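# Here is my input; please provide its structure:
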Amino acid sequence: MSFFKEFKEFAIKGNAMNMAIGVVIGGAFQGIVNSLVNDIIMPFTAIFTGSIDYSNWVIKVAGGAAEIGIGSFLNALINFLIIALSIFVGLRYANKLNQKVEEIDKKVMKKIGKKSKKQAVEEVKEEPTVKTCPYCFSEIPYKATKCPHCTSSLTTYKV
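All right, here's what the predicted structure looks like:
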């Protein structure tokens, strides 16, 4: 298979498309969170700290030749915490919603007397591996035709 055919197959698959959409939406969400932190949360904290602007906080090192941006790091940390909290709440809600849908699906299937594919696969009966000899009551392999303990013939015996 050629390189371009493989790439086309990969790019068109649903997982790659969903990931690309998630990255684009995540970038847009980051802009919203940045605005929330810089335009609402940080000015609101000024009420308690006496109008201190965190974004301009710096520590000068090497005689003022270099600066460490403590304020911008604080803004980025608050951005991260807000994004992480938002994702956590969203996933938690989605998981609860998924559980409710599964419960409703089970109830509906039970009412109409059908089993879902998952339940049908779980309920596939496996052939037993052992049986009991009717003469000496020893456990023997299920497909055995003669008991290895008492040597009785088991051809007519069924479990």
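# ok, Ser55 touching Phe73?
No: Ser55 lies out of contact with Phe73 (CB atoms under 8 Å); the separation is 10.2 Å. Yep, even glycine has a C-beta here, placed from its N, CA and C like the rest.
# helices and strands of this structure: which one bottoms out on pLDDT?
Within the chain, judged by mean pLDDT, DSSP states H and E, the helix or strand with the poorest mean is helix 117-122; its value is a mean of 60.
# For Lys111, see how far away Asp105 is.
Distance check for Asp105 against Lys111: by CB to CB, to the nearest Å, it reads 11 Å.
# Phe4 too?
Phe4 is 51 Å from Lys111, where distance means CB to CB.
# more neighbours, Asp105 and Lys111?
Taking Asp105 and Lys111 together and counting by other CB atoms under 10 Å, Asp105 has the greater number of neighbours (12 against 8).
# Quickly find the element holding that one.
With elements taken from DSSP states H and E, the one containing Asp105 is helix 70-112.
# quick one: Ala28 and Asp39, what's the gap?
For Ala28 relative to Asp39 (CB to CB), the value is 16 Å.
# got the domain boundaries for this structure?
Domain assignment for the chain, taken from automatic domain parsing, gives 3-114, 125-159.
# tell me how far the last one is from the chain's mean position?
This means domain 125-159. Average the C-alpha atoms of domain 125-159, do the same for its chain, and the two points are 47 Å apart (CA atoms, centre = their mean, to the nearest Å).
# Stretch 75-84 now?
The gap between the average C-alpha position of stretch 75-84 and the chain average comes to 22 Å, counting by CA atoms, centre = their mean.
# do the same with stretch 34-49
The chain centroid and the centroid of stretch 34-49 are separated by 33 Å, computed with CA atoms, centre = their mean.
# Next, the buried residues of that stretch.
Of the residues in stretch 34-49, those scored as buried under the neighbour-count criterion (16 or more other CB atoms under 10 Å) are Asn34, Val37, Met42.
# For Pro148, which non-adjacent residue is spatially closest?
Setting aside the residues directly before and after it, Pro148 is nearest to Ile140 in space (CB to CB, 6 or more residues apart in numbering), at 6.4 Å.
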